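1. Okay, here's the prediction I keep looking at, along with the sequence it came from:
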Amino acid sequence: MISAGPEDTRALGQLLGELADAGLVVLLNGDLGAGKTCFAQGVASGLGVSSVSPVTSPSYTLLNIHHGRLPLYHFDLYRLSQVDDLAELGYDEFAEGDGLTLVEWADRMTDALSASVIVSIEHLTELQRKLCLAALDDCGENLLEHLASQWQG
Ligand SMILES: Nc1ncnc2c1ncn2[C@@H]1O[C@H](COP(=O)(O)OP(=O)(O)OP(=O)(O)O)[C@@H](O)[C@H]1O
Ligand SMILES: [Mg+2]
């Protein structure tokens, strides 16, 4: 889809957050400032995460956890140097767990991560972004079908 501004990107994330089941892993790819964190903010709002716990780029911490209908595990791998570091963070336990896992800069680790959905965000103009959502397994396909049927209609 073409997003015409941050509110569009957030709205799509929000719908995904509303429809997601526990255990979902979503990879977020795109350049600096593409809108990965913006999408993540929408997801948090769809999960009912309180605005007391604002979603920002966790670049310096690698992982932020927010509490909503499901826990949100928000990773940012921009500064990650080795796959080992990810294991040390307990990535597998989170990703196979009770919450929704979002991973910014997942393309740094593609080989190591299994996920259901991959969101690729491309910069078009100052306000326009191209968002491509692709399913990587049956669970992802199911979710994207629901998302498509409920998006703006
Ligand atoms: N259509 C759009 N969708 C999302 N963000 C947009 C859009 N148009 C403009 N923006 C702006 O682009 C910026 C996106 O920043 P954001 O932190 O979400 O990017 P990011 O992909 O997480 O970057 P980083 O790799 O640095 O973490 C925000 O300032 C946002 O307001
Ligand atoms: Mg970010």
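-> Sure thing, it's come through. Small disclaimer: the values here were computed from a predicted structure and weren't measured. Ligands and ions are numbered 1, 2, ... in the order given.
2. which non-adjacent residue is nearest Val25?
-> Ala115 (4.0 Å; CB to CB, 6 or more residues apart in numbering). Just so you know, the C-beta spots here come from the backbone N, C-alpha and C atoms, and that holds for glycine as well.
3. what residues are up against that neighbour?
-> If you count contacts by CB atoms under 8 Å, 6 or more residues apart in numbering, Ala115 has them with Val25, Val26, Leu27, Ala95, Thr101, Val103, Ala106, Leu136, Gly140.
4. If the first one is in a bridge, with which residues?
-> If I follow you right, that is Val25. Val25 has these beta-bridge partners by DSSP bridges: Thr101.
5. got a list of what it touches?
-> Neighbour list for Val25: Ala95, Leu100, Thr101, Val103, Leu113, Ser114, Ala115, Ser116, Val117 [criterion: CB under 8 Å, 6+ apart].
6. any idea of the pLDDT on the first one?
-> With respect to pLDDT, Ala95 scores 89.
7. What of the one 10 residues further on?
-> Predicted confidence (pLDDT) for Trp105: 91.
8. Now do it against ligand 2, distance only.
-> For Trp105, the distance to ligand 2 (CB to the ion, to the nearest Å) stands at 8 Å.
9. phi, psi of Ser3?
-> phi -100, psi 130 (degrees, to the nearest 10).
10. cool, Asp92 as well?
-> Note on Asp92: its backbone torsions stand at phi -60, psi -40 [degrees, to the nearest 10].
11. Equivalent analysis for Gly48, please.
-> As for Gly48, its main-chain torsions (degrees, to the nearest 10) stand at phi 80, psi 30.
12. Tell me how many other residues surround the closest residue to it other than its chain neighbours.
-> Of all residues beyond its chain neighbours, the one nearest Gly48 is Gly68 (4.2 Å), with distances taken as CB to CB, 6+ apart. Applying other CB atoms under 10 Å, we find 18 residues neighbouring Gly68.
13. Same question for Gly90.
-> Residues within reach of Gly90, counting by other CB under 10 Å, total 12.
14. pLDDT weak spots in the protein?
-> In the predicted model of the chain, residues 58-60, 110-112, 153 satisfy pLDDT under 70.
15. Around ligand 2, pick out the residues from it.
-> In this structure, the chain approaches ligand 2 at residues Lys36, Thr37, Ser57, Glu104, judged by CB under 5 Å from the ion.
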